[in-house]
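Enquirer: Okay, structure incoming, though there's no sequence with it:
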């Protein structure tokens, strides 16, 4: 068997589909992992890294006195399987194979993933042949060439990846532990530090300091407007910026009509077509479409996996000679871009444009297959079009501009205006993402006199440097050698998820700034690019076999030990500094109830809320969604009404949830529930809010005496308000319980949301679990739930709700579990079935069941079924089983229908019993006939 190992499942499937050349591809699943087979070939996909490095056992305890943060620098590492099912299947297949081809992505990370697979295969089969297929696109041509020209793994390239893994682990783990422990932060509040992350954050903090330290300088600009052929033309003073107002005023005052044309200068300018996309240039272009760096890369990788574009992680801006540009044009010709492709084929430049970077791993990013908007979705198609049009632009002729510069004089003051007009559109025809803005001016002649319509003096200020956008930061990281093309966008995403930066353009949060400044003061090598640049350069030398992995890792350890020398000497100062400055990061403003400080509080687990610093004297608080919805942080925006900082929930891999002013949100979210209190009116609502009572729960938990005094109400109205609030609160609890049940039991699907379904059910009068347990299937399907799913949901709702009722009545949890397993769900069943039948169905003793039956029936105000002894029960079962054709399965159905002996079966209405038990009516009639016959025989014998 020929085993092909791809980096992901989607790659494995696509490789199989292409290499099978029309043969049937069979998918098999083993332990939840798919393989794809055709002929004697099988492909299997990994999930990226299926093993990871970690410290050997003993280093998990952050507070260990033996294994301090510094000890992690020299700690030994081991490889641990993270995807055990994939590892197991890979090794099982390797033992059956006579050839294994590694077909992971061709870059440092992909080569390392390939080496990990190589080692797993070799551990399972020492003699199997292993080769490597390298490709830049998952297309038929690329794959056929790659698999017919396989090579060996590049162990030097993989070693560079291993070095990066080891170095990043030791730096990140040791420094994160040290800073977090020094600052006494744990759980979700740890302070992350990293080899690339910290210098990148340092750049953002430095830029923020530049902005804060910037002192604007005033300057003045003078311009005048004239008119020709009814067209208004603006001319600027040739002095540009005046730094003295007096000089600008004098120039303005001297400007008198006429405005004389003193010179007309015309020319042409070549507008060169853009160079091919490398990763950074692609991210910058995608940012102009409104996509974050991480999202742009995710979409590009998906397009690559599905064969629409080439590998998106590349430093190359020069098409290699081996890339068949003609074939690519033919491939994309049959698409919605046919006219543009044909125009390029007709007007194609002799040599494609080229950038300054050339590498041998992957070509620049380019299209590899035709696609439609329907197949890719909106965002996918936008990125596909961007890549396709950039490719076309690199093959298109340069654009030509006609330039025009006019010089004027008015009262001895010189002015100028410029224009530009496209003579040849060139590459702009196929690449609309780079705007070609024309400024067409009328014809002028030297000596011509024009009117002066208006002279304007504008006062302006110099502006501080702009904050980094994600794309600009990636460009700067590339210039400084921070990270790689594959990791830069991930570093930025980590800074956002760690709540070190926010917004776009990026600005540091308080905690991000404090950590950076503390490190800069006590170990600035961690926050400066120099150290990372050196290590990146040396890892490049590993790829070139000029240095070994061990050598570079050892060098990194020495650098890190030097940093720890500085850090440990100042540990107490660092901890106090961070704690003192970051306490403010959770403060939102003054408590509306007492004037204390409101702050975000994070407790163990997922609990978070906003509380007052004067607790317990002041119990004012505002609830927040659990941390699973996002970690609560404050932002710089302030509510004009309540003067509180806004709150945002940040969750990795999701867009931030902006709550805004927490008090505004708190008031708004409680208005509807307050309105459910019968005696609540508008004036009373305003009164309770003016006394900082905003929710039903606060009213329900108040005492009438305190509430009467606080709101200046009579005692009777205060008592009524507390009573009514308690009833509404119970309804709200039940609705919340129903919402939670729906979220736990409904699988999210595209096009339907929990809120839509819950709203539809609410319109049908169902907002509590008790109503859901009694609803009909049709109502659920009208709310947007499939019929099969609705049946399952209804069964679970009945089980959950009736289980709650039975627990409240007093049925112990252990017994309840047995009743539910026997299908005894509805409390009514306890008052219908005989205790003997329930005892037999559940396996519990008759006395225990009798006690439970009496509890339930008394609660429901129903008569208790007649007690049947165990002896009677056993005798009755024997009688029933003695009937011809009646076995154990039928016996169980009869017991559920409360038929406990031959007499009760004989006296039952056959039609009704059939409906109740599910036994065919004819069979019941046959059983009854058999009983009568047996009785008649017994009488004759007597």
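Expert: Great, that's in hand. A quick note: this is a predicted structure, and the numbers were derived from the prediction, not measured. Numbers count the residues shown, from 1 in each chain.
Enquirer: biggest helix in the protein by residues?
Expert: helix 715-745 (DSSP state H).
Enquirer: For that one, which helices and strands make contact with it?
Expert: helix 696-700, helix 704-711, helix 754-763, helix 769-774, helix 787-809 (3 or more CB pairs under 8 Å, 6 or more residues apart in numbering; DSSP states H and E). (Glycine included, C-beta is placed from N, CA and C.)
Enquirer: so after the fourth one, what's the next helix or strand?
Expert: Spelled out, that is helix 769-774. Next helix or strand after helix 769-774 toward the C-terminus (DSSP states H and E): helix 777-782.
Enquirer: Over to the longest one?
Expert: Per DSSP H and E, helix 787-809 leads on to helix 813-821 as the next helix or strand towards the C-terminus.
Enquirer: if we can go back for a sec, now do the longest helix of the chain, average pLDDT.
Expert: In this model, helix 715-745 has an average pLDDT of 88.
Enquirer: cool, and stretch 800-814?
Expert: In this model, stretch 800-814 has a mean pLDDT of 90.
Enquirer: Could you do stretch 140-147 as well?
Expert: Average pLDDT, stretch 140-147: 93.
Enquirer: what's the distance between the nearest residue to residue 76 once chain neighbours are set aside and residue 760?
Expert: Ranked by CB to CB, 6 or more residues apart in numbering and with sequence neighbours excluded, the top spatial neighbour of residue 76 is residue 56, at 4.8 Å. When distance is defined by CB to CB, to the nearest Å, residue 56 is 55 Å away from residue 760.
Enquirer: Looking at these two, which is more packed in?
Expert: Taking other CB atoms under 10 Å, residue 56 and residue 760 do not tie; residue 760 has more neighbours (16 against 9).
Enquirer: Show me what counts as buried in stretch 168-188.
Expert: 168-183, 185 (16 or more other CB atoms under 10 Å).
Enquirer: What about those, which are in helices?
Expert: Those of the buried residues of stretch 168-188 lying in helices (DSSP H): 168-182.
Enquirer: Of these, which is the nearest to residue 421?
Expert: For those, the residue nearest residue 421 by CB to CB is residue 168; the value is 53.1 Å.
Enquirer: what's around the closest residue to residue 108 other than its chain neighbours, how many residues?
Expert: Computed as CB to CB, 6+ apart, the closest residue to residue 108 that is not its neighbour in sequence is residue 161, at 4.5 Å. Residue 161 is flanked by 25 other residues according to other CB under 10 Å.
Enquirer: Quickly note the distance from residue 161 to residue 105.
Expert: 12 Å.
Enquirer: Can you get me the centre-to-centre distance for the longest helix of the chain and its chain?
Expert: Averaging C-alpha positions (CA atoms, centre = their mean, to the nearest Å) puts helix 715-745 33 Å from its chain's average.
Enquirer: Could I get the buried residue list for it?
Expert: In terms of neighbour count (16+ other CB under 10 Å), helix 715-745 has its buried residues at 718-722, 724-725, 728-729, 732, 735, 737-738, 741-742.
Enquirer: do the same with stretch 861-880
Expert: Buried residues in stretch 861-880, counted by 16+ other CB under 10 Å: 865, 868, 873, 876, 877, 879, 880.
Enquirer: Could you do stretch 396-415 as well?
Expert: Neighbour counts over stretch 396-415 (16+ other CB under 10 Å) mark 396-397, 399, 401-402, 404, 406-410, 413, 415 as buried.
Enquirer: Kindly report the same for stretch 204-223.
Expert: By 16+ other CB under 10 Å, the buried positions in stretch 204-223 come out as 204, 205, 207, 208, 219, 220, 221, 222, 223.
Enquirer: Can you list phi and psi of the second one for me?
Expert: Right, the one you point to is residue 205. phi -70, psi -40 (degrees, to the nearest 10).
Enquirer: Let me know the pLDDT of it.
Expert: 96.
Enquirer: try the fifth one
Expert: Here, the pLDDT recorded for residue 219 equals 98.
Enquirer: Pretty sure it sits in a strand.
Expert: Yes - under DSSP: H, G, I helix; E, B strand; the rest coil, residue 219 sits within a strand.
Enquirer: wouldn't it be in contact with residue 241 here?
Expert: Yes - assessed by CB atoms under 8 Å, residue 219 is found in contact with residue 241 at 4.3 Å.
Enquirer: How is residue 294 assigned, secondary-structure-wise?
Expert: Using three-state DSSP, the structure places residue 294 in helix.
Enquirer: hey, which of the helices and strands packed on helix 715-745 is tucked in deepest?
Expert: helix 696-700 (a mean of 21; mean count of other CB atoms under 10 Å).
Enquirer: helices or strands up against it?
Expert: Applying 3+ CB pairs under 8 Å, 6+ apart, one finds that helix 696-700 makes contact with helix 662-674, helix 715-745.
Enquirer: want to try JSON lines for those, with distance to residue 931 as columns?
Expert: Below are those laid out as JSON lines (distance: least, CB to CB, whole Å):
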{"stretch": "helix 662-674", "distance to residue 931": "61"}
{"stretch": "helix 715-745", "distance to residue 931": "45"}
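Enquirer: Residue 327: what secondary structure?
Expert: With three-state DSSP as the criterion, residue 327 reads helix.
Enquirer: measure the residue nearest to it when sequence neighbours are not counted to residue 310 for me?
Expert: Leaving aside its chain neighbours, residue 327 sits nearest to residue 141 (7.0 Å; criterion: CB to CB, 6+ apart). Distance check for residue 141 against residue 310: by CB to CB, it reads 12 Å.
Enquirer: out of these two, which sits in the busier spot?
Expert: Legend: neighbour count by other CB under 10 Å for residue 141 and residue 310, higher for residue 310 (27 against 15).
Enquirer: That one contacts residue 384, doesn't it?
Expert: No - the criterion here is CB under 8 Å, and residue 310 misses it with residue 384 at 11.9 Å.
Enquirer: overlap in contacts of those two?
Expert: Residues touching both residue 310 and residue 384 (CB atoms under 8 Å, 6 or more residues apart in numbering) are residue 367.
Enquirer: any idea which helix or strand comes after the helix or strand of the chain with the lowest mean pLDDT?
Expert: Between all helices and strands in the chain, the lowest mean by mean pLDDT, DSSP states H and E belongs to helix 835-842, at a mean of 79. Later in the chain than helix 835-842, the nearest helix or strand by DSSP H and E is helix 846-859.
Enquirer: Which strands or helices does that next one pack on?
Expert: helix 787-809, helix 835-842.
Enquirer: go again using 10 Å as the cut-off
Expert: Packed against helix 846-859 by the contact rule (3 or more CB pairs under 10 Å, 6 or more residues apart in numbering; DSSP states H and E) you find helix 787-809, helix 813-821, helix 835-842, helix 870-881.
Enquirer: give me every residue that touches residue 405.
Expert: Listed by CB atoms under 10 Å, 6 or more residues apart in numbering, the contact partners of residue 405 are 263, 264, 265, 266, 267, 416, 417, 418, 419, 420, 441.
Enquirer: Kindly reformat these as a markdown table and extend each row with distance to residue 79, pLDDT and neighbour count.
Expert: Putting these into a markdown table (distance: CB to CB, whole Å; pLDDT from 0 to 100; neighbours: other CB atoms under 10 Å) gives the following:
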| residue | distance to residue 79 | pLDDT | neighbour count |
| --- | --- | --- | --- |
| 263 | 74 | 97 | 13 |
| 264 | 74 | 97 | 15 |
| 265 | 69 | 96 | 11 |
| 266 | 69 | 95 | 10 |
| 267 | 65 | 95 | 9 |
| 416 | 68 | 98 | 15 |
| 417 | 68 | 97 | 19 |
| 418 | 64 | 96 | 13 |
| 419 | 66 | 95 | 18 |
| 420 | 61 | 95 | 18 |
| 441 | 69 | 94 | 17 |
